[in-house]
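1. With the sequence up front, the predicted model follows.
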Amino acid sequence: MFEYSKENRILKNREYQTMYADSSKWVSTSFVVLGRITENLVPRLGVVVSKKIGGAVTRNRIKRLCREAFRNNKGLYPSLDVVLIARRGVANTTGEMISLDVKQCLSRIYKKLLLKSPSREGSYER
RNA sequence: UAACUUUAGUGGGUUGAUGCAAAGAAAGGUCUUUGAGGAAAGUCCGGACUUUAAAGAGUGGGAUGCUGGUUAACGACCAGGUGGAGUAAUCCAACGGAAAGUGCAACAGAAAGUAAACCGCCUUCGGGUAAGGGUGAAACGGUGAGGUAAGAGCUCACCAGCGUUUUGGUGACAAGACGGCUCGGUAAACCCCAUCUAAAGCAAGACUAAACAACAAAUUUUAAUACUUGUUAUUAAAAACUAUCUACUCGAUAGAUUUGUGGGUAAGUCGCUACAGAUAUUCAGUAAUGGGUAUCGUAGAUAAAUAUCAACCUCCUAUCCUAGAAUCAUUUUUAGGUAGAGACAGAAUCCGGCUUAUAGCUAGAGUUAACAC
RNA sequence: CCCCAUCGUCUAGCCCGGUUUAGGACACCGCCCUUUCACGGCGGCGACACGAGUUCAAAUCUCGUUGGGGACG
């Protein structure tokens, strides 16, 4: 239920490239979100934190917090691929804020995708 | 008590819930064990390991630079010498050579280096002299006495420096004796001397699977043959050319090679963590370090694990609150509560160092000052 | 594994230290020229990334730190 194994991650560089090429985008205060609905029944997450944001410690911390938030909420969004790209201000915010922000991002992007392709809506809703 | 110096250590803990990575067990949806630092960082040195088909010589380049030792090795460390800073504990030093050679020294100043062209002093008017001359970072020793026309290591005493020698020390060097009498600074300027030095780096490299492929341009001379009789084609030979071997030369090897454009593959296994290993103890050594004995096995990912939430405890801080103690008082201090804070920072082939970052806390040794006994 | 850092911007000087008050161009400010603007002329403002060391003296030589950029699969 709340697992986060390798099935729930975006691993290959090629997959990231496809996400960049073909996805819908939403921007929050601390993240840029790329979302895409796939044929799999498993939601997947990828996190991008560049060196601009901080050292290795802060970047790892942000990644972990993102994964934690995704892990707690992923049951709501089946067959959704998401890439979270961190923006400048993330380093100063607390863990609670990040988890809230991630939740918001997920819901927004899912709604946006459903509106964009309403014909698919029926097949993916539970 | 205050102000320091120095050497070590620590780097929050426990419990519960939900997760992640690896290994091992199971075989029904699991279980068990383990899981980040003193700097994991910077990548500044040194090694192990791997590849560069393979053996070299010389020149050059680079690094180091008081002495002795330690080490796998080092630019690291230990001990000592010399010089400098500090009242001292202690700290710092790229600390070989200027009598092999070439350079450089702005401004000021008479003069910046084979001493003397200026002023001055003395003069028998031929000359002698470097005592004095405000400079400068630095002026062919310094102080005192004798001496002289005026002066001068010209002579003497002491000091500094130089050479020879004796003693002590493995040595750097130290102490003493004797001698003649002054022969500057800069090598973090070139340079000389001594020692060391091939390059690239786990994205090294090995295996398996898949894929494989092009196009354009460039490439000397001679000879023979062909014909369309010349900026021709083919063949052969020669050296040359190209590539590699460290930058160059010699030498060696290979040959179709080189350059540009464009395209493709970047996925699995190994390398991968057992060791110049860790902890404790003992012996040798002033010490760095080395030898012996016992116990232990302790991260291994690849969009990259080691986390999130809750509770309690611990530590620190406070223009906060309550209670107590000391003091004339400012204030200091003890206990509890409340609030805040808990640094620097994340393994990526592995070790030995160096450098830089680091909230607070603990311990040892030492110095100086004041007071008390 | 390399390279770089100088006025607001682009740069010279660095190798081989003193000549220089760190030079030049554009930009900015003021004045002149012009009916006015532009062009032109004159003047001004303004910088050696930071911290140590060597030296009499450092933008320049050496070491460390910080920031920026590039190459390699």
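-> Nice, thanks for sending it over.
2. List phi and psi for A:Asn8.
-> Note on A:Asn8: its backbone torsions stand at phi -90, psi 20 [degrees, to the nearest 10].
3. What residues does it make contact with?
-> By C-beta atoms under 8 Å, 6 or more residues apart in numbering, A:Asn8 lies in contact with A:42-45, A:70, A:74. (Each C-beta comes from the backbone N, C-alpha and C, glycine too.)
4. one more time with 6 Å, if that's ok
-> Listed by C-beta atoms under 6 Å, 6 or more residues apart in numbering, the contact partners of A:Asn8 are A:Arg44.
5. how far away is it from A:Lys52?
-> As judged by C-beta to C-beta, to the nearest Å, A:Asn8 and A:Lys52 stand 27 Å apart.
6. Also A:Met97?
-> Relative to A:Lys52, A:Met97 is positioned 20 Å away (criterion: C-beta to C-beta).
7. Those two: which has the busier surroundings?
-> Neighbour comparison, A:Met97 and A:Lys52: the larger count goes to A:Met97, with 14 against 10 (by other C-beta atoms under 10 Å).
8. Let me know the helix or strand that that one is in.
-> Applying DSSP states H and E as the criterion places A:Met97 in helix A:95-116.
9. buried set for that helix?
-> For helix A:95-116, the neighbour count (16 or more other C-beta atoms under 10 Å) marks A:98-99, A:101-102, A:105-106, A:109-110, A:113 as buried.
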